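Undergrad: What follows is a predicted structure for the sequence shown.
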Amino acid sequence: NAVVGVAPALVMLSLLLIWNLLSGFLREARETRALAGMFGEYVPPERVAQMRASGQRFSLEGESREMSVLFSDVRGFTTISEGLGPRELTQLMNEFLTPITAAIHRHRGTIDKYMGDAVMAFWGAPLTDADHALHAVQAARDMVAEMRALKPVFEARGWPAIEIGVGISSGEMNVGNMGSQFRAAYAVLGDTVNLGSRLESLTKTYGVHIIVSENTARLASGLPYRELDRVRVKGKQEPVAIFEPIDAAQQHAAGRFAEAVATARKAVAL
């Protein structure tokens, strides 16, 4: 009789346990779907899972954060596009945008937008990232390496090699869902963002693949750089220092270059 009396209670406990597990699973799936609905266009599925596991609260509302922004553009894309038919051009675009996007995602970046052959991405949102500058520079270096790896593949297809320029800027910027009542996007705005775009344009002038701001180089100080120059950019009163990330093998030459720049500046000041 005792066994008979306990059995219903055990069944009830088992059902409650199953219900709790099932409701927890459904709640987690619902929250994951909600995050994917908000941010799935900008970050890969594994990042959505990280966001869910982080316990942070996420919103599309605007806020100010210290972040890093990256702009990438193809050199001479107009000439490249004129030499290809529509189908080939579409294939080429997909072939080079895929590894570039993968490099950004691999280093925890968020895609802001594709603008034809250009890519804009940022670090530090929606997930906070204390190493946003370091991850942005690492992604840029991987992007350049991916383009080198594509060169023989493109040559085999009769396509021109792709050369990119990348600009990175770090600092305070506004992030949130921005747009109109018809279309909005999770994006960043501010002077720091504008500087990143101008640094990308300067890569052509200085004949380098990557240029980062002084603040980016300071925040990602574990990597080697060489100072390229101090330049006046639109919207800034004072000249800003610009830097190129370099390989360890280039550090000695970079030191000699920095000494030469310092000597030249001293001579101008005199």
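TA: On my side now, so go ahead.

Undergrad: Could you list the buried residues of the helix or strand where Val144 lies?
TA: Per DSSP states H and E, Val144 falls inside helix 132-156. Going by neighbour count (16 or more other C-beta atoms under 10 Å), the buried part of helix 132-156 is 132-144, 146-147, 150, 154. Heads up, the C-betas are built off the backbone N, CA and C, glycines and all.

Undergrad: Low-confidence bits of the protein, can you list those?
TA: 1-7, 9, 19-44, 47-48, 50-52, 54-60, 181, 183, 249-270 (pLDDT under 70).

Undergrad: could you pull out the helices for it?
TA: Taking DSSP state H to define them, one finds helices in the chain at 2-39, 45-54, 77-82, 86-106, 132-156, 191-206, 214-219, 251-269.

Undergrad: what does the fourth one rub up against?
TA: With C-beta atoms under 8 Å, 6 or more residues apart in numbering as the test, helix 86-106 has contacts from 43-44, 47, 70, 72, 74, 80-81, 84, 110-111, 114, 117, 119, 121, 139, 142-143, 146-147, 149-150, 153-154, 159, 162, 164.

Undergrad: Let me know the angle separating that helix from helix 132-156.
TA: 150 degrees (axes from the mean of the first three to the mean of the last three C-alpha atoms, to 10 degrees).

Undergrad: Relative to the whole chain's centre, how far out is helix 86-106?
TA: Centroid separation for helix 86-106 versus its chain: 15 Å, with C-alpha atoms, centre = their mean, to the nearest Å.

Undergrad: May I have that helix as CSV, with CA atoms only?
TA: Output in CSV follows, covering the C-alpha atoms of helix 86-106 (Å, rounded to 0.1, in the frame of the first residue of the first chain):
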residue,chain,number,x,y,z
PRO,A,86,27.4,40.9,-64.9
ARG,A,87,27.5,37.2,-64.0
GLU,A,88,31.2,37.1,-63.6
LEU,A,89,31.2,40.3,-61.6
THR,A,90,28.6,38.8,-59.2
GLN,A,91,30.7,35.7,-58.8
LEU,A,92,33.9,37.8,-58.1
MET,A,93,32.0,39.9,-55.5
ASN,A,94,30.8,36.8,-53.7
GLU,A,95,34.3,35.2,-53.9
PHE,A,96,36.1,38.1,-52.2
LEU,A,97,33.3,39.3,-49.8
THR,A,98,32.9,35.8,-48.3
PRO,A,99,36.5,35.5,-46.9
ILE,A,100,36.5,39.1,-45.8
THR,A,101,33.3,38.6,-43.9
ALA,A,102,34.6,35.4,-42.4
ALA,A,103,37.7,37.2,-41.1
ILE,A,104,35.6,39.9,-39.5
HIS,A,105,33.3,37.3,-37.8
ARG,A,106,36.3,35.2,-36.8
